[in-house]
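> here's a sequence, model it:
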Amino acid sequence: MRKVFLFALFCLAGLLASCGGRNVLYIYNWGDYISPEVVKKFEKEFNCRVALDFFDSNESMYAKLKAGGGGYDLIVPSTYMTDMMHDQKMLRELDKSRLPNLKYIDPDYLAKVRDSEMKYSVSYLVSFTGIGYNKKKVRNFEPSWRMFEREDIRGRCVLLNDPRQAIGAALITLGFDPNTRNPEEISRAADLVIQWRKNIAKFDVDEAKRSLISGEFWLIQTYSGDMLQALDENEDIEFVFPKEGYIFTADTFVIPSDASNVDLAYAFINFMHRPEIAAENMKFVKYRCPNTEALKLLPEDLKNRPSINPSKAQWNAARPTLDLGADTRLYNAAWDRIKSGGD
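Below you'll find the predicted structure:
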């Protein structure tokens, strides 16, 4: 009788583990970057719970993981960080036979990223980094990164709290490659950001968007999708591609090497690339998903936005952010100098 009881207890424990503990998908993502309704649909279909944690920069996410703050089944880093994490053996190689919806991924997107064969990452969303501004507050606006030097908007502008984005914008402004490994060019770009720093209110990501909507800030370095979200709440806001050039950012789904719920992670990636699900998610987040069939399902007003459906020229002009390996230290050192005010 005791053996029967112990066996029943063992089975119950296994059932509770699979339904209560193991049947939770832990995702580490950017804020405001997935539709709650889409998450609910996944939870219902797969009889599970999705637990979301958020980060505001690739660097803070990476630092947390390196410090032992793991426990995630799925992470959403940008491509340059994805490549670095892969090189450091932090990610699983993907079994593409478990991801049939990869057939919908745009080949033009894949041509721009290192992991073009999707060996360890799957595209999620694509963005362009440009300028968001309030048309009623900023007079004589020019589509230029030099706007951050304007005295009349001092204290009313914000740069992204992201070294590759902020320094990248300065590099492009100076006519340099945003992926340069040249210490002198990076130093000159850091000097320019330090000049901009005297004018800005702060470095930020999500709060800057909300403050632009409210009217507290008038001009911010931002992601195209964030500005499409903002337009829903304030029609005076506009997003532009700076004339000097701009950075193309792609965020990816990756499964960390220490993930515990790998099956559910695969299911989530494949679910998010069902055309109807990808389209629904795009309607909410306002970022481009490089899923060719999903793009066809968008309403015309969204489909015709350049940041969702850029022209060939705009797409070709976008500069990706690349993993620079050991030379990333040059950007980290420049960022430390920028944050300290140039001391």
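> pretty sure Ser116 sits against Tyr109.
No: counting by Cβ atoms under 8 Å, Ser116 does not reach Tyr109; the two are 9.1 Å apart. Heads up, the C-betas are built off the backbone N, CA and C, glycines and all.
> who has more neighbours, those two?
Using other Cβ atoms under 10 Å, the more surrounded residue of Ser116 and Tyr109 is Tyr109, with 19 against 11.
> if I look at that one, how far off is Asn291?
9 Å (Cβ to Cβ, to the nearest Å).
> same check on Tyr331?
Taking Cβ to Cβ, one finds Tyr331 at 31 Å from Asn291.
> so where do the strands sit in the chain?
24-30, 49-55, 74-75, 122-134, 157-160, 202-204, 219-223, 237-240, 247-253, 319-320 (DSSP state E).
> lowest average pLDDT across those strands?
Among those, strand 319-320 carries the lowest mean pLDDT, at a mean of 88.
> gap between that one and the chain center?
14 Å (Cα atoms, centre = their mean, to the nearest Å).
> now do it: everything it contacts.
79-80, 112-113, 168, 172, 177-179, 245-250 (Cβ atoms under 8 Å, 6 or more residues apart in numbering).
> and if we set it to 10 Å?
Residues from elsewhere that reach strand 319-320, judged by Cβ atoms under 10 Å, 6 or more residues apart in numbering: 78-80, 112-114, 128-129, 168, 171-172, 177-179, 245-250.
> what do you get for stretch 63-72?
With Cβ under 10 Å, 6+ apart, stretch 63-72 has contacts from 25-29, 51, 53, 55, 57, 61, 75, 77, 85, 88, 90, 254-261, 265.
> returning to that earlier point: among the contacts of strand 319-320, which ones are in helices?
Judged by DSSP state H, the contacts of strand 319-320 include 79-80, 168, 171-172 as members of helices.
> identify, from those, the entry nearest to Gln195.
Leu171 (13.9 Å; Cβ to Cβ).
> count of residues packed around the closest one?
Other residues near Leu171 number 29, with proximity taken as other Cβ under 10 Å.
> just the buried ones among the contacts of stretch 63-72, please.
25-29, 55, 57, 61, 75, 77, 85, 90, 254-256, 259, 261, 265 (16 or more other Cβ atoms under 10 Å).
> and the gap between the residue nearest to the spatial centre of the chain and Trp30?
Nearest residue to the geometric centre of the chain (Cα atoms, centre = their mean): Asp251, 4.5 Å. Separation of Asp251 from Trp30 (Cβ to Cβ): 7 Å.
> returning to what we had before: which one of Tyr331 and Asn291 is surrounded by more residues?
Comparing Tyr331 with Asn291 by other Cβ under 10 Å, the one with more neighbours is Asn291, at 28 against 23.
> spit out the contact partners of that one.
101-106, 109, 123-125, 272-275, 277-279, 281-282, 297 are the contacts of Asn291 under Cβ under 10 Å, 6+ apart.
> Phe141 reaches Asn134, doesn't it?
Yes: using Cβ atoms under 10 Å, Phe141 is in contact with Asn134, at 9.4 Å.
> what touches both of these two?
Joint contacts of Phe141 and Asn134 (Cβ under 10 Å, 6+ apart) are 153, 218-219, 238.
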